[in-house]
Structure formats: structure tokens, C-alpha cells
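Quick one, structure for this:
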Amino acid sequence: MAIKYALLALLAEKPQTASALQQQFIALTEGTQTLNIGQVSQTLSRLERNNFIARAGTVRNPSGHQVEQYELTSAGQELLTEWLERPVIRAMTDRDELVTKIAIAATRPDWDLISLLDTQRSAVLSQLKELNRQNRKLPQQRTAARLTIERRIYDLEAEARWLDRVEALDAPTHTDTPEGQ
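Modelled structure (predicted):
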């Protein structure tokens with residue numbers, strides 16, 4: 001999961017507390033991704049158990065409590081380096097609700113597949129319009145907000161093209177099932 005690697009990357013800069021890591025992550029992602037303190041604490045526990053991080057002493061937090069700081073170990077640095085060098089590939093096994101909905105609708109003569117596709121396409125175009133409006137307001141820099149919005153724009157544009165392709169395909173026949181092939 002990306003959170004453990006994000007925490008390792010933040011710890012590569014300097015030893016930090018769980019709260020500081022949470023705040024830095026949210027600031028780094030410009031609030032486009034949330035991260036609760038429980039998830040940070042659990043992830044740090046697992047990373048420590050697996051010797052990717054180690055305790056680096058305690059510091060006093062703003063409320064006056066002593067809190068643990070963590071630092072990256074050499075094994076953690078190796079894991080972080082491997083992650084940075086490895087491409088992110090979406091698994092074909094990830095479930096896609098839209099594919100499932102369309103696949104089922106395509107086999108049901110009592111369901112209006114074209115209406116389903118039109119409704120989805122309309123929602124996609126509406127999202128694209130809003131995201132493009134937001135994107136125009138952002139500086140031309142690789143900020144988390146711009147990267148998040150532009151990634152979503154490209155995903156939605158691909159989905160719109162895919163919906164057009166689905167509509168152009170022939171309806172399945174009863175022999176088009178895996179067992180019938």
C-alpha cells in the first residue's frame with residue numbers, strides 16, 4: 001500500500017512523530033488524500049515490527065506529552081528505493097463496478113444498455129467539465145492538486161472513449177460465454 005511507502009519517504013528526510021507524519025502527508029498531498037492518525041500509528045507499528053523503521057527517542061509535543069519519534073533503518077531505505085524504482089501497474093484482478101454493470105446489462109434484453117451507457121457518459125462529461133474548470137485555476141506546476149485532477153481528467157477521458165467503444169460493439173450471443181468457446 002502507498003501509505004507505508006509515503007511514511008518511509010517522509011522518514012527518509014528526518015526522524016518524526018506519528019502526528020508530524022500525518023500532518024506532513026496531508027500537507028504534501030494538499031488535502032487531496034486523507035490519513036487518520038490511527039492508520040499512521042498502525043502502519044508505523046508494522047514498519048517497526050518488520051525492522052524498516054526504529055524508535056529514535058521521544059520529544060515533547062505541543063500539548064506537553066512525550067511522544068515517540070521514528071527513523072528510517074537501512075532496510076527501510078532499501079524498501080523505499082525498491083518502491084521508487086518499481087512501476088505502478090493496476091492489477092487486472094481489481095474489480096470494476098462499471099464493467100460488471102455493463103457486462104450484466106449486455107446480457108439482459110429487459111435492461112436498456114444504451115440508456116445505461118448514455119447516463120454514464122453524461123456523468124463522465126459533467127465530471128470532466130468541473131475538473132477542467134478547477135484545473136484552469138491551478139498554477140502550471142506539479143502540485144498534488146494538479147496531479148490528482150489531471151490524472152482524474154485523463155482517466156475520465158479514457159472512460160468516455162471506452163463507453164463509445166462499448167456502444168459500438170455487437171451484443172453478445174449465448175455462445176460467447178467462456179464455456180461456449
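
ranges for the strands of this protein?
16-17, 53-60, 66-72 (DSSP state E).

how about the ones you listed, which one is nearest Pro109?
Closest approach to Pro109 among those (Cβ to Cβ): strand 53-60, 57.4 Å. Glycine gets a C-beta too; all of them are placed from N, C-alpha and C.

residue ranges with poor pLDDT in this protein?
Scanning the chain for pLDDT under 70 picks out 1, 174-181.

so where do the helices sit in it?
For the chain, the helices defined by DSSP state H cover 2-13, 18-28, 37-49, 74-85, 97-106, 113-136, 144-168.

Same list (those helices) but as TSV, adding distance to Val59 and mean neighbour count.
Conversion of the helices of the chain to TSV gives the following (distance: least, Cβ to Cβ, whole Å; neighbours: other Cβ atoms under 10 Å):
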stretch	distance to Val59	mean neighbour count
helix 2-13	14	18
helix 18-28	9	17
helix 37-49	15	15
helix 74-85	20	14
helix 97-106	45	13
helix 113-136	38	13
helix 144-168	27	14
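
Arg55: which of those helices is closest?
Nearest of the helices of the chain (Cβ to Cβ): helix 37-49, 7.2 Å.

tell me the angle the closest one makes with strand 53-60.
Per axes from the mean of the first three to the mean of the last three Cα atoms, to 10 degrees, the angle that helix 37-49 makes with strand 53-60 is 130 degrees.

Much appreciated, bye for now.
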